[in-house]
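# Quick check, what structure comes out for this input:
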Amino acid sequence: MEPPIPRPPTPPDPQECCQRGCDPCILDYYDRALERWETRIRAMGLDPDEVRASLP
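Numbers count the residues shown, from 1 in each chain. Take a look at the predicted model:
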């Protein structure tokens, strides 16, 4: 039985960023989570872009 394919992180709403130059910004957290997700998907032998395209 194959492990379930994890869903990608949900992007933050643009209004969640306060535009005050926080370091890290909420968008930075999202970018890092997306990178971890893509690494995990590649480790499963899948293409992250294809997985994203197949999601409802």
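# And what about the nearest residue to Leu55 once chain neighbours are set aside, helix, strand or coil?
Closest residue to Leu55 apart from its sequence neighbours, by Cβ to Cβ, 6 or more residues apart in numbering: Arg7 at 7.0 Å. Where C-beta positions appear, they are placed from N, C-alpha and C, glycine not excepted. Of the three states, Arg7 takes coil under DSSP: H, G, I helix; E, B strand; the rest coil.
# Do you know the pLDDT at Thr10?
pLDDT for Thr10: 95.
# ok, for the most centrally placed residue in the chain, nearest residue in space, not its chain neighbours?
Residue closest to the average C-alpha location in the chain (Cα atoms, centre = their mean): Leu34, at 2.5 Å. Leaving aside its sequence neighbours, Leu34 sits nearest to Pro9 (Cβ to Cβ, 6+ apart; 5.7 Å).
# helix/strand/coil for Pro12?
Secondary structure assignment for Pro12 (three-state DSSP): coil.
# Many thanks, we can stop here.
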